[in-house]
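Peer 1: Only the shape, not the letters, is given here:
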């Protein structure tokens, strides 16, 4: 299992999720004391959890959880997919952006729906709660989160995509890849391989998402342009929703051109937390 210390455990995603719910329900910004009291924590401990998790104060973090922040991202930190990869991967804090390599299954392999493919799986603790990770010999092929759906639903969701595969619980086979992908191992030249299992159009959309740097966003329409089909915005949205490797293929960075979040397969609170986490990490 991925080793994450007490300050970075999935427990603290649950704290963040509860904080998001409180912020959503409040008409005005909440004070540190109010938020801490509603979650049964002392202000000092709550402040410490926030600061260790994202590197900024709860007050500043609230600003990253608003619709206004999403619109600000589009205005100030928007990346067209064509140029993002070249301009956005320098410096620290990129985590998975720096440690991934990927390849796609052929259309023929995809059509078999996993037949003849041995898929290993395991549960891992991450900053966003419990994550189900699946992988074949060639790399990670599935990653989903249980915080909103529950563990069984998250597992079934991924397994049902490749119903003809042979599944084996073996987290030890995935551990090094997962640790590398989530930034827990920082070794020059180390890569966490991704094996993209999808239809050709879906793979093109996922490739475009991989070119959007951490802390920046793009729109569904710009992704459609990047894959050579500017009128296919709805199809792009569907392909994004079918992304099997969440977080590592950053579908959470795709917004509507109005600045609205749109949907997210693993729950909208998760998408907002991911964007807030990346925004605060970039600032920190």
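Peer 2: Nice, thanks for sending it over. Keep in mind the model is a prediction, meaning the values are calculated, not measured. Residues are numbered from 1 along each chain as shown.
Peer 1: which ones are touching residue 62?
Peer 2: Listed by CB atoms under 8 Å, 6 or more residues apart in numbering, the contact partners of residue 62 are 23, 29-30. Heads up, the C-betas are built off the backbone N, CA and C, glycines and all.
Peer 1: of those, buried ones?
Peer 2: When neighbours are counted using 16 or more other CB atoms under 10 Å, those contain these buried positions: 23, 30.
Peer 1: Tell me where the stretch 151-284 of the chain has helices.
Peer 2: Residue ranges of the helices in the stretch 151-284 of the chain, as given by DSSP state H, counting those that start in this stretch, are 151-159, 171-181, 200-209, 220-226, 233-241, 268-283.
Peer 1: any chance of the contacts of residue 62 in JSON lines, plus pLDDT?
Peer 2: What follows is these, written out as JSON lines (pLDDT from 0 to 100):
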{"residue": "23", "pLDDT": "72"}
{"residue": "29", "pLDDT": "75"}
{"residue": "30", "pLDDT": "82"}
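Peer 1: What's the local residue count around the spatially closest residue to residue 271 that is not a sequence neighbour?
Peer 2: In this structure, residue 271 finds its nearest non-sequential neighbour in residue 264, 3.6 Å apart by CB to CB, 6 or more residues apart in numbering. Counted by other CB atoms under 10 Å, the residues lying close to residue 264 total 21.
Peer 1: Pop the domain breakdown of this protein in here.
Peer 2: Structural domains annotated on the chain: 6-66, 71-283, as defined by automatic domain parsing.
Peer 1: Buried deepest among the ones you listed, which one?
Peer 2: Mean neighbour count (mean count of other CB atoms under 10 Å) peaks for domain 71-283 among those, with a mean of 18.
Peer 1: model confidence over that one, on average?
Peer 2: Along domain 71-283, the predicted local confidence has a mean pLDDT of 81.
Peer 1: returning to what we had before: could you measure from the residue nearest to residue 271 over to residue 252?
Peer 2: The gap separating residue 264 from residue 252 is 6 Å, by CB to CB, to the nearest Å.
Peer 1: go on, residue 170?
Peer 2: Counting by CB to CB, the gap from residue 170 to residue 252 is 28 Å.
Peer 1: likewise residue 220?
Peer 2: The value you get for residue 220 to residue 252, if CB to CB is used, is 13 Å.
Peer 1: And for residue 235?
Peer 2: Plainly put, residue 235 is 19 Å away from residue 252 if you go by CB to CB.
Peer 1: now residue 42
Peer 2: When distances are taken as CB to CB, residue 42 and residue 252 turn out to be 31 Å apart.
Peer 1: first vs last residue of stretch 208-221, how far apart are they?
Peer 2: Counting by CA to CA, to the nearest Å, the length from the leading to the trailing residue of stretch 208-221 is 12 Å.
Peer 1: Next, the residue positioned nearest the centre of the chain: phi, psi?
Peer 2: For the chain, the residue lying nearest the average C-alpha position, counting by CA atoms, centre = their mean, turns out to be residue 247 (2.0 Å). Comment: the main-chain dihedrals of residue 247 come out as phi 70, psi -50, following degrees, to the nearest 10.
Peer 1: related to what we said a few turns ago, now, which of the contacts of residue 62 lie within helices?
Peer 2: Secondary structure assignment by DSSP state H places residue 23 of the contacts of residue 62 in helices.
Peer 1: May I see the contacts of residue 62 arranged in CSV, with distance to residue 109 as well?
Peer 2: Shown next, in CSV, are the contacts of residue 62 (distance: CB to CB, whole Å):
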residue, distance to residue 109
23, 44
29, 51
30, 50
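Peer 1: Please identify which of the contacts of residue 62 is nearest to residue 205.
Peer 2: In terms of CB to CB, no member of the contacts of residue 62 lies closer to residue 205 than residue 23, at 31.1 Å.
Peer 1: How much space separates the closest one from residue 276?
Peer 2: With distances taken as CB to CB, residue 23 is found 10 Å from residue 276.
Peer 1: leaving aside the residues next to it on the chain, what's closest to residue 17?
Peer 2: What sits nearest to residue 17 in space, not counting adjacent residues and going by CB to CB, 6+ apart, is residue 269, at 5.5 Å.
Peer 1: Unless I'm misreading it, that neighbour sits right up against residue 20, doesn't it?
Peer 2: Yes: in this structure, residue 269 sits in contact with residue 20. The criterion is CB atoms under 8 Å, and the distance is 5.3 Å.
Peer 1: which stretches of the chain form strands?
Peer 2: Counting by DSSP state E, one finds strands in the chain at the ranges 100-104, 118-126, 129-136, 139-145, 166-169, 192-196, 218-219, 254-255.
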